[in-house]
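Student: What follows is a predicted protein model with its sequence.
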Amino acid sequence: MTFGGRPVDAPTTFGVVNPATGIEFTSVPDCSPEQLEECIGTALSGFATWSRRPIAERRHALRRMADILSENADFLATLVTLEQGKPLPASAREIADTAASLRAAAEIELDDEIIQDDDRYRVRVQYRPLGPVAIITPWNYPVFLMGMPLGPALLAGNSVIVKPSPFTPVATLEACRLMSAALPEGVLSAVSGGNDLGSRLTSHPGIRKISFTGSVATGRKVAHAAVSDFKRFTLELGGNDAAILLDDVDLSLVGKGVFWGAFTNCGQICAGIKRLFVPDQLHDAVVDELVARTARVRIGDGMVAGMHLGPINNEPQLRRVAELVDDAIAQGAKVVTGAAGTNGPGYFYPLTILTDCTDDMRIVREEQFGPVLPILRYQSVDEAVTRANATEFGLSGSVWGRDIARAEDVAGRLDCGTAYVNAHLALEPHIPFGGHKASGIGVSNGRWGLAEFTNLTVRQTAR
Ligand code: NAD
């Protein structure tokens, strides 16, 4: 672990499993309650100095952190593959995207504003830092989802404690250890432990802001913990994104954008396509296109060259995906491809396409977070929009068609944070990102994301 730049061990450790083999490949410290106190003390003293540093110095530090990630990209990517499972090129992209997100954060402007200056008052609106921030991350994109809030949190003048998922702590601990060289003492810490460490962090009064990415169920617990002493929080939670194909869809996009919108990272992606609405008359052609693409995808150990996708990250998640597929089959869904489980080693599951699905099946109602795509037929666009919106989630959605004006009109009726036309999963660091309804509170990226790490403060002087 890293406490403000200082390497720290713990009296006990826990193992981290390589999902491609099912075998533990390393162990990491299990942060004790006393150590967490010490870490938060470090973050408080780091905050006292960092929050006073000029913004130019903070921007410079973020650029240097990005350089450090790029310089250590091969090392960090290997760790991501070993603990997360995705193929090495995808892990390398994750590290590159994290560096890009830090570089983009370094350029964000959120200046003080004078909103009144007359014979009555001079009124200045300022964006002040909050205090130590806890960044809590899930296991699907461990480094990227740490880096996305890290840049703005630090730029705003806060100190940060990162707590990665117990399934994927290794690359995050190493990245934070390396990046802390670009920062003064006390500013960046990383701790590892189980879910109980997360709840100790979120209920600690020394933490003034929580940036949480994870499931809806845990997000609810985080919000409860934060409210007890009015910590600020941003929640980036689950999704159940719908993609609606219109009857003039360019079918060549189905095998590319739609396919990879669903199956990138083996479907373990919050804002991936999880329900595909297809007009009746195109159903068979769309299924053929998707199945043909599936046949060309190689799934295997991410350390082996030539793999497109790796395993599911962990055993409970593998079991959940298999359970949802079995349930759908029992309810009448037909397996066009996939579904047959593998006998290991490793947590592999084949790309699975299900037809004859209905909205009340669990695989359609719940977030499957795995390599499974249920196909849902529809008769009218109004019906497709109503069904797409009939979910507790609202992360993103997409509409696919050649008539752009019509597609944009339909996209405008989706109740979600991001609605794409002829694209999905097109996140970029300057574009705000966040969920509606149970998919979250607050946004990441750009000046909107930076504002989430500040206290809006008014300075008002009478004339
Ligand atoms: P999770 O909610 O189980 O865990 C996320 C993190 O919270 C982990 O670090 C975990 O240790 C920690 N945690 C667990 N209990 C806690 C508690 N009581 N208090 C504080 N922290 C606690 O999620 P997961 O299974 O790791 O990740 C998958 C989920 O993340 C999916 O639902 C996915 O959609 C979501 N996700 C959302 C986004 C987004 O940007 N909206 C991005 C990626 C993943």
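Tutor: Okay, I see it.

Student: Any residues of the stretch 301-450 of the chain in contact with the ligand? List them.
Tutor: Contact residues (CB under 6 Å from any ligand atom) of the stretch 301-450 of the chain with the ligand: 367, 369, 395, 435, 440. For every residue, glycine as well, the C-beta is placed using N, CA and C.

Student: Could I get the full set of helices for the stretch 1-150 of the chain?
Tutor: Using DSSP state H, counting those that start in this stretch, the helices of the stretch 1-150 of the chain run over 33-50, 55-71, 73-84, 88-106, 142-155.

Student: and the first one with helix 142-155, angle?
Tutor: Going by axes from the mean of the first three to the mean of the last three CA atoms, to 10 degrees, helix 33-50 is angled at 40 degrees with respect to helix 142-155.

Student: again, but for the longest one
Tutor: Between the direction of helix 88-106 and that of helix 142-155, the angle (the same axes, to 10 degrees) works out to 10 degrees.

Student: Can you work out which other helices and strands pack against helix 88-106?
Tutor: helix 55-71, helix 73-84, helix 142-155 (3 or more CB pairs under 8 Å, 6 or more residues apart in numbering; DSSP states H and E).

Student: Please produce TSV containing these, extended by distance to residue 271 and mean pLDDT.
Tutor: Formatted as TSV, the helices and strands packed on helix 88-106 follow (distance: least, CB to CB, whole Å; pLDDT from 0 to 100):
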stretch	distance to residue 271	mean pLDDT
helix 55-71	23	98
helix 73-84	17	98
helix 142-155	12	98
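
Student: Between those, which one is closest to residue 279.
Tutor: helix 142-155 (34.8 Å; CB to CB).

Student: how far off helix 73-84 does that closest one point, in degrees?
Tutor: Going by the same axes, to 10 degrees, helix 142-155 makes 120 degrees with helix 73-84.

Student: list the contacts for the closest residue to the ligand within the stretch 1-150 of the chain?
Tutor: Residue nearest to the ligand within the stretch 1-150 of the chain (CB to the nearest ligand atom): residue 138, separated by 2.9 Å. Listed by CB atoms under 8 Å, 6 or more residues apart in numbering, the contact partners of residue 138 are 145, 165, 213-215.

Student: Next up, phi/psi of residue 327, please.
Tutor: phi -60, psi -40 (degrees, to the nearest 10).

Student: hmm, back to that, pick the most deeply packed of the helices of the stretch 1-150 of the chain.
Tutor: helix 142-155 (a mean of 28; mean count of other CB atoms under 10 Å).

Student: Compute the distance from the centre of the very next helix or strand once past that one to the centre of its chain.
Tutor: Using DSSP states H and E, the helix or strand that follows helix 142-155 in sequence is strand 160-163. The gap between where strand 160-163 is centred and where its chain is centred comes out at 16 Å by CA atoms, centre = their mean, to the nearest Å.

Student: same thing with stretch 141-160?
Tutor: 12 Å.

Student: Check stretch 66-79 too.
Tutor: That offset, for stretch 66-79, works out to 19 Å (CA atoms, centre = their mean).

Student: Mind listing residues that contact it?
Tutor: 88, 91-92, 94-96, 98-100, 102-103, 106, 143, 147, 170-171, 174-175, 178-179, 181-182, 303.

Student: residues contacting the residue of the stretch 151-300 of the chain found nearest the ligand?
Tutor: The stretch 151-300 of the chain approaches the ligand most closely through residue 198 (2.3 Å), counting by CB to the nearest ligand atom. Neighbour list for residue 198: 136, 163, 218, 222 [criterion: CB under 8 Å, 6+ apart].

Student: can I assume it sits in a helix?
Tutor: Yes - looking at residue 198 with DSSP: H, G, I helix; E, B strand; the rest coil, it is inside a helix.

Student: Give the residue farthest from the middle of this structure.
Tutor: Taking CA atoms, centre = their mean, the residue of the chain most remote from its mean C-alpha position is residue 119, at 48.6 Å.

Student: wait, that one sits on residue 463?
Tutor: Yes - with contact defined as CB atoms under 8 Å, residue 119 counts as touching residue 463 (5.4 Å).

Student: give me the low-pLDDT residue ranges for the stretch 1-150 of the chain?
Tutor: Counting by pLDDT under 70, the stretch 1-150 of the chain contains no low-confidence range.

Student: returning to what we had before: out of the contacts of residue 198, which touch the ligand?
Tutor: 136, 163, 218, 222.
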